[in-house]
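**Q** Based on what follows, work out the 3D shape:
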Amino acid sequence: MKNLNILVTLKRIRLEFLLVTLFFAPLFFWGPLRIFLEGRVQAFDYGIMYESLYRIYHNLEIFLYSRGTYIWADDQSYIQYFLSWVIASKYSHYLIITLHSLASFLLPISIYIYTRSKRLSALFLSVSLFLNHGLINQSHDLIHPETFVTPLIFWWAIAFYHGRIKSLYLLTFACLICKEDIAIYIGGFSFFTYFFKLNFKTSNRHALIILAISLILFIFNLKFIHPIYAKKTCDFLQTSITNNEHTLPWLQGLYTNFSSFSYYSNVFFKWKVLKYLGLCLWPLFFILPISFKWLFLVIPPIFVNIITGSDYLISGNFHYDHSVIPLVAFIFVVNLREKSFLLFRTLLTCFFALILHFSFNLHNLKIYTHSHYFKWPSNNHLKAYKEISDYIPPHSIVSVPSWNLPYFINLKKKVYMFPNPLTDEYFGINGKCQKNIHVDDLEYIVLSKNFIEKDRRDLKERVYKDFKQVKEANFTPENPLILLKRKN
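**A** Numbers count the residues shown, from 1 in each chain. A predicted model of the protein is given here:
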């Protein structure tokens with residue numbers, strides 16, 4: 001009878017977890033899809049990623065007109081080779097956005113699977129991850145291939161902890177192809193487990209092998225892949241390279257200020273860094289006391305975000321905590337099993353996660369209460385994009401603002417990100433190419449009327465001097481979409 005009661009309890013907990021999962025699913029999946037259907041997907045990263053997949057799948061020259069660089073000069077997210085198959089589908093946009101959301105969504109599910117023997121504690125832990133602002137924001141804002149590492153690096157750390165060697169090496173490969181900086185996080189994790197002699201079941205030999213693999217790949221990307229494609233980028237743009245020294249774009253600040261004490265002082269000693277550390281590490285407060293040695297396992301991804309000197313990387317927004325969140329979750333769950341008052345600790349963690357969730361964006365409450373969120377949006381925006389796109393002849397050269405760009409990428413066009421190539425904003429691999437970039441092949445520009453009239457009035461005279469309006473589509477009544485064609 002006792003065993004029967006336990007079985008009933010487990011089934012009930014699993015049912016509750018299924019209900020919780022279904023409750024949060026719209027937040028992770030429907031939100032980003034709705035943004036796309038409303039014609040306002042954040043395209044600075046999504047447009048670049050979509051064009052990368054498109055060009056890889058169709059075996060085209062891997063120069064990204066949207067970014068003004070070759071793919072591997074911008075970053076080394078080789079996972080795109082494994083994702084490019086989605087382009088074959090007529091629903092490729094929906095597939096990419098859904099798969100990207102799934103990467104974030106799988107982390108809370110992974111936490112539940114790993115801690116499921118703790119019953120209610122596992123449920124509350126997964127809810128606290130479903131509420132994580134950074135995790136949700138990965139799905140909604142900057143869609144980027146490195147997000148796919150989020151569940152992978154959690155299970156990689158679990159395999160490392162339990163000494164599951166085959167899984168460890170398979171997951172090492174899977175993580176390393178997501179982005180070049182993952183090598184720093186995996187290598188750092190391996191080094192600190194070896195240095196501090198943490199009681200992991202993976203032997204020191206395997207830890208050192210993984211450290212070596214990570215270092216070799218990182219140096220290979222830094223010294224070979226990036227310089228080669230940075231030079232190819234400048235050659236493609238018919239301009240010269242600024243210098244023969246190369247570094248990855250996200251390390252540019254550190255690279256140019258390596259010996260400057262004031263740089264480190266300005267980067268580290270500020271309130272935003274302290275706030276960021278609190279946002280990253282707050283779950284660990286609920287499992288105190290733990291050895292300080294555990295903190296070093298998550299230091300590498302936190303350090304990289306801080307040392308770049310960019311405030312937006314430590315804002316708690318965007319996709320830059322793709323490795324921080326799962327590694328903090330790993331430290332939490334493996335230390336939790338040794339603590340007393342386990343259920344009480346997980347309840348407090350879940351409650352604090354709820355407070356943080358709404359303190360970031362109070363309007364998030366509408367996600368759960370406003371019926372508009374659950375209604376299928378009007379497709380007027382997509383119709384306007386199609387109407388304009390169909391009007392443009394095959395093999396044309398077009399410039400489109402970032403939030404419109406993904407809707408125009410296809411085989412028959414080269415699509416720059418406006419105001420490129422009229423100017424060289426976000427163009428030519430982060431200052432590696434000289435400013436006199438030679439691109440004068442533009443034939444069409446797609447803009448919303450308000451954008452050129454209000455947001456970019458500085459370019460209005462230049463645009464209308466060389467281009468004339470030939471088409472208008474009803475994007476919104478007050479802000480139509482217009483197509484401009486170069487004057488003969």
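
**Q** Could you use CA atoms for every contact and neighbour count after this?
**A** Will do.

**Q** Please report phi then psi for residue 298.
**A** phi -110, psi 0 (degrees, to the nearest 10).

**Q** Would you confirm that it contacts residue 324?
**A** Yes: counting by CA atoms under 8 Å, residue 298 sits close enough to residue 324 to count as a contact (6.3 Å).

**Q** helix/strand/coil for residue 447?
**A** Recorded secondary structure, residue 447: strand (DSSP: H, G, I helix; E, B strand; the rest coil).

**Q** and the gap between it and residue 382?
**A** Distance, residue 447 to residue 382, by CA to CA, to the nearest Å: 14 Å.

**Q** More neighbours: which of these two?
**A** Neighbour totals were compared for residue 447 and residue 382, and residue 447 leads with 21 against 18 (other CA atoms under 10 Å).

**Q** For that one, give me the pLDDT.
**A** You'll see residue 447 listed with a pLDDT of 85.

**Q** That one: what's it in contact with?
**A** Applying CA atoms under 8 Å, 6 or more residues apart in numbering to residue 447 gives the contacts 400, 401, 481, 482, 483.

**Q** ok, now residue 69?
**A** The neighbours of residue 69, taking CA under 8 Å, 6+ apart as the test, are 63, 230, 233, 427, 428, 429.

**Q** So, low pLDDT: which residues of the stretch 201-350 of the chain?
**A** Across the stretch 201-350 of the chain, the stretches falling below the confidence threshold (pLDDT under 70) are 243-250, 252-255, 258, 317-318.

**Q** Run through the strands of it in chain order.
**A** Chain-ordered strands for the stretch 201-350 of the chain, with DSSP state E, counting those that start in this stretch as the definition, do not occur.

**Q** How about the contacts made by residue 291?
**A** Applying CA under 8 Å, 6+ apart as the definition, residue 291 turns out to have no contact partners.

**Q** which stretches of the stretch 151-300 of the chain form helices?
**A** Using DSSP state H, counting those that start in this stretch, the helices of the stretch 151-300 of the chain run over 165-176, 182-195, 204-220, 226-236, 252-256, 261-268, 271-281, 299-307.

**Q** Any chance of those in TSV with mean neighbour count and distance to residue 95 as columns?
**A** Output for the helices of the stretch 151-300 of the chain, formatted as TSV (neighbours: other CA atoms under 10 Å; distance: least, CA to CA, whole Å):
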stretch	mean neighbour count	distance to residue 95
helix 165-176	18	20
helix 182-195	22	25
helix 204-220	17	30
helix 226-236	21	29
helix 252-256	15	33
helix 261-268	13	39
helix 271-281	15	30
helix 299-307	20	28
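
**Q** Figure out which of these is closest to residue 134.
**A** Using CA to CA as the measure, helix 271-281 is the one of the helices of the stretch 151-300 of the chain that comes nearest residue 134, at 9.4 Å.

**Q** what residues does the closest one touch?
**A** Residues outside helix 271-281 that contact it (CA under 8 Å, 6+ apart): 302, 306, 311, 314, 315, 316, 324, 325, 328.

**Q** burial of residue 390, as a residue count?
**A** By other CA under 10 Å, the residues close to residue 390 number 11.

**Q** The helix or strand residue 99 falls within packs against which elements?
**A** Taking DSSP states H and E as the definition, residue 99 sits inside helix 92-115. On a contact count with 3 or more CA pairs under 8 Å, 6 or more residues apart in numbering; DSSP states H and E, helix 92-115 meets helix 31-37, helix 120-130, helix 133-140, helix 149-162, helix 324-336.

**Q** how does this protein divide up, domain by domain?
**A** Following the assignment in automatic domain parsing, the chain carries domains at 2-35+92-371, 382-486.
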